[in-house]
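Asker: here is a sequence with its predicted model. Questions after.
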Protein chains: 2
Amino acid sequence: MNSPQPAAEQISEPVESGVTADHPGVNELFAVLAYGEVAAFYRLTEEARMAPNLRGRINMASMAAAEMGHYELLRDALEHRGVDVVPAMTKYASALENYHRMTTPSTWLEALVKTYIGDALAADFYLEIADALPEAVATVVRAVLSETGHSQFVVAEVRAAVTASDRQRHRLALWARRLLGEAVTQAQFVLADHDELVDLVMSSGEGLTQLAEFFGRLQNTHQSRMQELGLA
Amino acid sequence: MNSPQPAAEQISEPVESGVTADHPGVNELFAVLAYGEVAAFYRLTEEARMAPNLRGRINMASMAAAEMGHYELLRDALEHRGVDVVPAMTKYASALENYHRMTTPSTWLEALVKTYIGDALAADFYLEIADALPEAVATVVRAVLSETGHSQFVVAEVRAAVTASDRQRHRLALWARRLLGEAVTQAQFVLADHDELVDLVMSSGEGLTQLAEFFGRLQNTHQSRMQELGLA
């Protein structure tokens, strides 16, 4: 168990001093992440239809396959905790499907940027929560995290396109901002509907004591991804 | 190297007594199998749209992810042999895409049967060729083979449906026969266009000395799969 006392200045309201692996929010967290992986799988395969060539379709398929590997880690962890996975996931369907519906790419470059930004946001999120969770739970999250990073193929293709065209750069920069905005919006909807998740996030370690700080850090790392892609 | 002398009665025409790992047919074999895995990935994800529920979609996604694992084994083997994978695969696109176009399922049960029969045919095929190939090449094929068998989830669902309805049983039995027929047709087209593959198949070990025997064995194992599904 690894639940450091939060520093006093980080507490705005009285919270429990630590989270244990049997916190009811842990099952909810794994369930929303699990649905997220399956949703990402199907969206990647659909968006891959825009690929201009076989190499692009193969890269997208490899990424999608990696998402199912993440899903299987989360499923195993949930089953180990005695949770029936599919019903547990279902309640998070609308938030994830809404995110994807609101961010349906209309070009292959938009699909590539969505893939990269989505993968990076997921990795940021996994990293944040891993640091904040009790060790038994963090191990699962870190195992998933160590499996991300399949989206590097995107960088060269997007950089080439935006170097060649200012119009593309402006267009894709707006698109990337919209992706972050929708992700944050849907994450807030999920938290608003699930007190046990808020409690988990608010009461665990120093990583997530402040939701506003959390979203602020997501914004910062998002900015560094924009630079990698040549969009900022 | 593992290339047993074929028994005399299995030889109808003079053939070379063994195949080496640098036979030009080996690259072609890996390339057609690699395209087959990627094509199966995308078809499974498309056909999964007919799934009546999330559990079905997850099962199909896991199977599709396994196909990409097979692809990656074949890609690594080809790269190790100095072959540029994507152009090598492309020449087999039409045969594989034709197979899938000719066998587009119109119901979820047809999709399930196609998944199961397709996976089993691929496993049969991998097993036949592994026995017939030089050891260095067979190792790759067996590694792929050991990864198959993700389609067991199909059996219970199909058996339940055909036990409840004779009409469904007859319909799906016809469908399964059509799947085998199209697979054999497309395999023959591929062989007709690629002499180096025929040479590999005809000259390697005892497993594949006779193409007619090979297709006969596929027919027999197909029949046993029909029984497993309650279709024969």
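Answerer: Thanks, I have it. Numbering: from 1, shown residues only, chains lettered A, B, ... in the order given.
Asker: make it CA atoms for all contacts and neighbour counts henceforth
Answerer: Noted.
Asker: how many residues are close by the closest residue to chain B within chain A?
Answerer: Relative to chain B, the nearest point of chain A is A:Ala65 (4.2 Å; Cα to the nearest Cα). Neighbour count of A:Ala65, defined by other Cα atoms under 10 Å in any protein chain shown: 27.
Asker: B:Glu72 is in contact with that one, correct?
Answerer: No. Using Cα atoms under 8 Å, A:Ala65 makes no contact with B:Glu72, being 10.9 Å away.
Asker: kindly provide the distance from the residue nearest the centre of chain A to A:Asp193.
Answerer: With distances taken as Cα atoms, centre = their mean, chain A has A:Ala122 as the residue nearest its mean C-alpha position (2.2 Å). Distance, A:Ala122 to A:Asp193, by Cα to Cα, to the nearest Å: 20 Å.
Asker: for stretch A:131-141, buried residues please.
Answerer: A:Asp131, A:Ala132, A:Leu133, A:Pro134, A:Glu135, A:Val137, A:Ala138, A:Val140, A:Val141 (16 or more other Cα atoms under 10 Å in any protein chain shown).
Asker: helices or strands next to the host helix or strand of the first one in the packing?
Answerer: Okay, so that is A:Asp131. If you go by DSSP states H and E, A:Asp131 is part of helix A:108-132. With contacts taken as 3 or more Cα pairs under 8 Å, 6 or more residues apart in numbering or on different chains; DSSP states H and E, helix A:108-132 sits against helix A:24-47, helix A:135-145, helix A:153-164, helix A:166-193, helix A:211-228.
Asker: tell me the most buried of those helices?
Answerer: Scoring those by mean neighbour count under mean count of other Cα atoms under 10 Å in any protein chain shown gives helix A:24-47 as the most buried, with a mean of 22.
Asker: hmm, it touching chain B?
Answerer: Yes. Contact of helix A:24-47 with chain B (Cα under 8 Å from any Cα of the partner chain) involves A:Val38, A:Phe41, A:Tyr42, A:Thr45.
Asker: and which of those residues is nearest A:Leu96?
Answerer: Using Cα to Cα, A:Val38 is the member of these that sits closest to A:Leu96, with 9.8 Å.
Asker: in contact with the closest one, which residues?
Answerer: A:Glu67, A:Met68, A:Tyr71, B:Ile58, B:Ala61 (Cα atoms under 8 Å, 6 or more residues apart in numbering or on different chains).
Asker: wait, the third one sits on A:Phe30?
Answerer: To tie it back to what came earlier, the one meant is A:Tyr71. No. A:Tyr71 is beyond contact range of A:Phe30, at 9.4 Å (criterion: Cα under 8 Å).
Asker: same question for stretch A:100-108, mean pLDDT?
Answerer: Throughout stretch A:100-108, pLDDT has a mean value of 95.
Asker: same check, this time on stretch A:37-57
Answerer: 94.
Asker: return the item of the buried residues of stretch A:131-141 having minimum pLDDT.
Answerer: Across those, the bottom pLDDT score, 68, is held by A:Ala132.
Asker: and for the residue nearest to A:Ala48 when sequence neighbours are not counted, the neighbour number?
Answerer: If the residues on either side of it in the chain are set aside, A:Ala48 comes closest to A:Arg57, at 5.5 Å by Cα to Cα, 6 or more residues apart in numbering or on different chains. Neighbour count for A:Arg57, taken as other Cα under 10 Å: 20.
Asker: got the angle for the host helix or strand of A:Arg57 vs helix A:24-47?
Answerer: Per DSSP H and E, A:Arg57 falls inside helix A:54-80. Relative orientation of helix A:54-80 and helix A:24-47, computed by axes from the mean of the first three to the mean of the last three Cα atoms, to 10 degrees: 160 degrees.
Asker: thinking again about what came up before, wait, doesn't the residue nearest to A:Ala48 sit right on A:Ala51?
Answerer: Yes. Using Cα under 8 Å, A:Arg57 is in contact with A:Ala51, at 5.8 Å.
Asker: tell me which parts of chain A are close to chain B?
Answerer: Counting by Cα under 8 Å from any Cα, the positions of chain A adjacent to chain B are A:38, A:41-42, A:45, A:54-55, A:58, A:61-62, A:64-66, A:68-69, A:86, A:90.
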